[in-house]
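Enquirer: 3D, please:
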Amino acid sequence: MSLEEGCRVAVETCMGVKPEDRVVVVVDKGSRRIGEALKDILLEITPHVRFFNLDIYGKRPLTYFPETMKNAAMDATVTFWTAKAVEGELETVRGPFIKAALYDGRHAHMVNITEDIVKTGLVADYNKVEEFTKSLHSILKGVKEIRVETDLGTKLTAEVGKYKWIATTGVVRDVGLWNNLPDGMVYTVPQNMKGKAVVDGTLGDYFDEVYSLSQLESTPLKVEIEDGSPPRMADLKCDNKDIERDIKEYLNRHECSSYVGELGFGTNPYITKMIGSMLVDEKAPGFHIAFGDPNQDMTFASWSCPEHIDMVIQKCDVWLDDEKFMENGRYLKDLV
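Expert: Next up is the predicted model:
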């Protein structure tokens, strides 16, 4: 599958760009080719396309949100972010850009996108992804307790239902909404959670650029979670001391950084293998958790946070209210 095919799916199917749309595309040197492919397709549909390269505004990480970019995002009806995640920019640039983009538009967040990711996760039938995701969402929103176990030692129990379940289908048509692309996920914020998470899959934020999937598979991250309001990381260990040090530092930056901010299920059946990129791997059928920001505006959680790190746990067995729903990372129910 080609880069153009994946970008065309993003523009035409996922974001449904129309001739009257005003579009902004944000790139950096690593994603410029993808951004150019998006721009070429966009210009077939609308002449109202603005293109920003983050690298021209200074050395990364940027410590400010450029005013011209902010104004363009607030004026846009559709935005695409393809630049990579850089430590510190979630609070200074990336988060503020999303907020500005949603002022009068809808947003496609393609952070850390690569050509391999486009070909792996975007060349899909997103109408089927949407159907699959909505079907799982209808099941999960009635669940009260979720249990998760793995052969490696994960044993988690979570109480859910207080906060809203969110379905992100990859099809974004309404003002004020945004999705990561590639997409396909249902998630919420647990009001209670306890146990141990043995993380042997991809780490999020900028850590999938630092630590490979193979490193997590050979030296899983072990996170103890204690009940609280909200639940939080109580202890963290890893045989790879670099991973242990860096993730422990991340989860202790603020009090909220250690809160469990997400519990989610991937719903894109076209993603058949992990590739070491969170943008793809959390969307593959399976389970993940996250610490930090709970996407308060969507979930109605009671806090917000400048950090957010997803953690994929592979080959999970999952029970929904004592009914087994997933085995070895595979759904036991036909959702489409």
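
Enquirer: ok, which stretches of the stretch 101-250 of the chain are helices?
Expert: Ranges of helices within the stretch 101-250 of the chain are 115-117, 126-140, 213-218, 241-251, based on DSSP state H, counting those that start in this stretch.

Enquirer: how about these in JSON lines, adding distance to residue 42 and mean neighbour count?
Expert: Bear in mind the C-beta positions are built from the backbone N, C-alpha and C, glycine included. Formatted as JSON lines, those follow (distance: least, C-beta to C-beta, whole Å; neighbours: other C-beta atoms under 10 Å):
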{"stretch": "helix 115-117", "distance to residue 42": "18", "mean neighbour count": "16"}
{"stretch": "helix 126-140", "distance to residue 42": "18", "mean neighbour count": "19"}
{"stretch": "helix 213-218", "distance to residue 42": "32", "mean neighbour count": "16"}
{"stretch": "helix 241-251", "distance to residue 42": "35", "mean neighbour count": "16"}
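
Enquirer: By mean pLDDT, show me the worst of those helices.
Expert: Note on the helices of the stretch 101-250 of the chain: lowest mean pLDDT is at helix 115-117, with a mean of 91.

Enquirer: Would you convert the helices of the stretch 101-250 of the chain into CSV that also reports distance to residue 87?
Expert: Output for those, formatted as CSV (distance: least, C-beta to C-beta, whole Å):
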stretch, distance to residue 87
helix 115-117, 20
helix 126-140, 31
helix 213-218, 18
helix 241-251, 9
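
Enquirer: and the gap between residue 192 and residue 232?
Expert: Distance of residue 192 to residue 232, computed by C-beta to C-beta, to the nearest Å: 11 Å.

Enquirer: among the helices of the stretch 101-250 of the chain, which is nearest residue 12?
Expert: Distance to residue 12, taken as C-beta to C-beta, is lowest for helix 126-140 among the helices of the stretch 101-250 of the chain, at 10.0 Å.

Enquirer: Residues touching the closest one, excluding its own?
Expert: 9, 13-14, 160, 165, 167-171, 183-186, 188, 265, 267-270, 320, 331, 333, 335-336 (C-beta atoms under 8 Å, 6 or more residues apart in numbering).

Enquirer: Filter those down to the buried ones, PyMOL style.
Expert: Per 16 or more other C-beta atoms under 10 Å, the buried members of the contacts of helix 126-140 correspond to this PyMOL selection:
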select buried, resi 9+13+14+160+165+167+168+169+170+171+183+184+185+186+188+265+267+268+269+270+320+331+335
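
Enquirer: per-residue confidence averaged over stretch 280-296?
Expert: 96.

Enquirer: quick one: the closest residue to residue 125 other than its chain neighbours from residue 280, how far?
Expert: Taking C-beta to C-beta, 6 or more residues apart in numbering, and ignoring the residues beside it in sequence, residue 125 has residue 270 as its nearest neighbour in space, at 7.2 Å. The gap separating residue 270 from residue 280 is 10 Å, by C-beta to C-beta.

Enquirer: Please enumerate the shared neighbours of these two.
Expert: residue 121.

Enquirer: So for residue 151, what's the nearest residue that isn't a sequence neighbour?
Expert: residue 315 (7.1 Å).

Enquirer: An error on my part: the question was meant for residue 233.
Expert: That would be residue 258: by C-beta to C-beta, 6+ apart, it lies 4.2 Å from residue 233.

Enquirer: Pass me the low-pLDDT residue ranges in the stretch 1-150 of the chain, would you?
Expert: Within the stretch 1-150 of the chain, the segments meeting pLDDT under 70 span 1.

Enquirer: One more pass at 90, please.
Expert: Per-residue confidence for the stretch 1-150 of the chain (pLDDT under 90) gives these ranges: 1-2, 85, 87-88, 90, 112, 116, 119-121, 123-124.

Enquirer: Quick one: the strands in it, in order.
Expert: 23-27, 49-53, 78-81, 106-109, 145-149 (DSSP state E, counting those that start in this stretch).

Enquirer: Phi and psi next, for the residue nearest to residue 233.
Expert: In terms of degrees, to the nearest 10, the main-chain angles of residue 258 are phi -90, psi 0.

Enquirer: Just to check, it is in contact with residue 230?
Expert: No. Contact status for residue 258 versus residue 230: not in contact, 9.6 Å apart, counting by C-beta atoms under 8 Å.

Enquirer: ok, those two, which is more surrounded?
Expert: residue 258 (26 against 21; other C-beta atoms under 10 Å).

Enquirer: tell me the contacts of that one?
Expert: Residue 258 touches 232, 233, 251, 252, 291, counting by C-beta under 8 Å, 6+ apart.

Enquirer: distance of it from residue 90?
Expert: Taking C-beta to C-beta, one finds residue 258 at 16 Å from residue 90.

Enquirer: before we move on, the earlier item: would you mind measuring from the residue nearest to residue 233 to residue 316?
Expert: On the measure of C-beta to C-beta, residue 258 and residue 316 end up 22 Å apart.
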